[in-house]
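Peer 1: the following block contains a protein sequence and its predicted model.
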Amino acid sequence: MVIRAVLWDIDDTIFDYTRADHVGLRSQLEQEGLPDGYATVEQALLAWRTITEAQWARFAAGEVGFHEQRRDRVREFVSRPLTDPEADEWFARHASHYEAAWELFPDVLPVLDLLADGYRHAVLSNSSILNQDHKLRVLGVRDRFEAVVCAVELGISKPEAGAFHAACEQLCLEPGEVAYVGDEPDIDAAGAVAAGLRGIWLDRKGRGGRPELLRIERLDQLPRLLLADTRFGAPDTFG
């Protein structure tokens, strides 16, 4: 089928989440001090990332709600009991530092401009519409996307096929007419392929491997890939 739309992940795909989270937490810790149990800022940053990944996995599996995973992240990070309002207050302070560091990756706007006339665009994220719609507006790109579909409101998360299909339904397109671009090989690219979309792994870190997946390392490689013969066995990167 001809690809008619590109469905996008947000965090670490078009938005530099890892950098913003790192810079934001560093700023917060410099202002508030290190919680007990951390000898250095670097140790605390690593712990926050590990805790975030583990708690997010619980949320994606349906074990806890969106706000509950946030509170549990905070409690585990500061290593002391907090009431829900106390945890929410801590996270709100973190969010203000985090948002101050928000940036698009530099290759995003040029590629969105290049693809604007040939493809429709939408977002599928494993976050909430409240977070991601706000983020896209602050970053100045909300109007680039026809729809923003998020796991919290859907009740299902990537890599479940139903999440990808819900986004395709928003576009009134068949899965085979939609490409999905994301930074995770399994959750994004492989999940999209299993759901019948053309899954594309944006491997910004150059991890490589996974020859069964379509892989690019920069978004300027995407336009050529969308037009290429992408049968299995084709090269996994395009120069």
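Peer 2: Sure, I can see it. Residues are numbered from 1 along each chain as shown.
Peer 1: please count neighbours and contacts with C-alpha atoms only from this point.
Peer 2: Will do.
Peer 1: dump the C-alpha coordinates for stretch 133-144 into CSV.
Peer 2: Taking C-alpha atoms only, stretch 133-144 is exported to CSV below (Å, rounded to 0.1, in the frame of the first residue of the first chain):
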residue,chain,number,x,y,z
ASP,A,133,-1.1,18.3,23.8
HIS,A,134,0.5,20.9,26.2
LYS,A,135,4.0,19.8,25.2
LEU,A,136,3.3,20.1,21.5
ARG,A,137,1.8,23.5,21.9
VAL,A,138,4.7,24.8,24.0
LEU,A,139,7.1,23.4,21.4
GLY,A,140,5.1,25.2,18.7
VAL,A,141,4.1,22.1,16.6
ARG,A,142,0.6,21.1,17.7
ASP,A,143,-0.9,22.4,14.5
ARG,A,144,1.3,20.0,12.5
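Peer 1: quick one: distance of that stretch to the chain centre.
Peer 2: Taking CA atoms, centre = their mean, to the nearest Å, the mean C-alpha location of stretch 133-144 is offset from the chain mean by 14 Å.
Peer 1: with stretch 120-136 instead?
Peer 2: On the basis of CA atoms, centre = their mean, stretch 120-136 sits 9 Å off its chain's mean C-alpha point.
Peer 1: check stretch 144-162 too.
Peer 2: Relative to the chain's own centre, stretch 144-162 is displaced by 11 Å; criterion: CA atoms, centre = their mean.
Peer 1: I'd like the average pLDDT over that stretch.
Peer 2: The pLDDT scores in stretch 144-162 average 94.
Peer 1: what's it in contact with?
Peer 2: 60-61, 66, 112, 120-129, 132-133, 163-164, 166-167, 170-171, 186-188, 190-192, 194-195 (CA atoms under 8 Å, 6 or more residues apart in numbering).
Peer 1: ok, stretch 124-141 next?
Peer 2: So stretch 124-141 is contacted by 7-10, 60, 102-104, 142, 148-153, 157-158, 163-164, 167 (CA under 8 Å, 6+ apart).
Peer 1: remind me which helix or strand A179 belongs to.
Peer 2: strand 178-182 (DSSP states H and E).
Peer 1: can you check V123 too?
Peer 2: Element membership for V123 (DSSP H and E) is strand 120-125.
Peer 1: what pairs with that strand, parallel or antiparallel?
Peer 2: strand 5-8 (parallel), strand 148-150 (parallel) (DSSP bridges).
Peer 1: quick one: residues in contact with the longest helix seen in the chain.
Peer 2: In terms of residue count, the longest helix belonging to the chain (DSSP state H) is helix 41-60. Here helix 41-60 makes contact (CA under 8 Å, 6+ apart) with 22, 25-26, 29, 34, 38, 64-66, 69-70, 72-73, 76-77, 126, 156-157.
Peer 1: let me see the domain layout of the chain.
Peer 2: The record's domain parsing of the chain by automatic domain parsing lists 5-16+103-227, 17-100.
Peer 1: that older thread, can I get the strands paired with strand 120-125 in a markdown table with distance to S96 and mean neighbour count?
Peer 2: Compiled in a markdown table, the strands paired with strand 120-125 are given as follows (distance: least, CA to CA, whole Å; neighbours: other CA atoms under 10 Å):
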| stretch | distance to S96 | mean neighbour count |
| --- | --- | --- |
| strand 5-8 | 25 | 24 |
| strand 148-150 | 22 | 24 |
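Peer 1: among these, which comes closest to L213?
Peer 2: Checking those against L213 by CA to CA gives strand 5-8 as the closest, at 16.5 Å.
Peer 1: and that closest one, how far from the chain's centre?
Peer 2: Relative to the chain's own centre, strand 5-8 is displaced by 13 Å; criterion: CA atoms, centre = their mean.
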